[in-house]
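**Student:** Take this sequence and fold it.
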Amino acid sequence: MSASDDASTPATGAKQTLKDEAGKLTAKAGEKARGIADEGKLRATSALDEFSRLMDDAAGTVDEKLGEQYGQYARSAAQAISGFSDDLRGKEVEDLLADAREFVRKSPAIAIGTAAALGFVLSRIVKAGVDTTTDPVTKA
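**Tutor:** Model (predicted):
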């Protein structure tokens with residue numbers, strides 16, 4: 001056995017240990033990301049359910065103010081939102097990601113437009129939140 005064989009064995013072992021640890025960290029990160037995504041899915045479906053209930057409740061007022069035809073539009077929208085929420089609840093996060101990838105592949109222009117619109121809305125929400133937390137005395 002040569003000196004180079006002795007040197008390569010500890011190096012190979014250290015390399016394998018690093019690979020194993022990196023694999024463990026990647027798995028933990030994946031589990032954490034899945035947990036966060038599941039929590040986000042739960043929040044989204046809860047918000048959609050609440051919005052659907054609000055739309056359904058508002059349909060009666062729409063009936064009175066604008067007519068039954070428009071109230072029926074509100075009810076149909078509420079049912080569609082509720083159905084979407086149920087579909088979302090029934091899918092695993094991995095399936096949702098696969099659906100999103102497929103959508104982007106099929107309709108990249110719509111995906112880019114949607115991302116831009118969501119970015120704009122989020123920036124407005126963040127800006128509004130920052131504006132309300134700023135002390136009015138220091139703004140003058």
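**Student:** Which helix or which strand is home to residue 125?
**Tutor:** Per DSSP states H and E, residue 125 falls inside helix 108-133.
**Student:** Run the chain-centre distance for that helix.
**Tutor:** Mean C-alpha position of helix 108-133 versus that of the full chain (Cα atoms, centre = their mean, to the nearest Å) differs by 14 Å.
**Student:** Give me the buried positions along it.
**Tutor:** Applying a neighbour-count criterion of 16 or more other Cβ atoms under 10 Å, one finds nothing buried in helix 108-133. The C-beta positions use only the backbone N, C-alpha and C, and glycine is treated the same way.
**Student:** top helix in the protein by residue count?
**Tutor:** helix 3-66 (DSSP state H).
**Student:** and that helix, what does it pack onto?
**Tutor:** Secondary-structure packing of helix 3-66 (3 or more Cβ pairs under 8 Å, 6 or more residues apart in numbering; DSSP states H and E): helix 68-90, helix 93-106.
**Student:** Could you report the pLDDT at the residue nearest the centre of the chain?
**Tutor:** In the chain, the C-alpha nearest the mean C-alpha coordinate belongs to residue 40, at 5.9 Å (Cα atoms, centre = their mean). Each residue has a pLDDT score; the one for residue 40 is 87.
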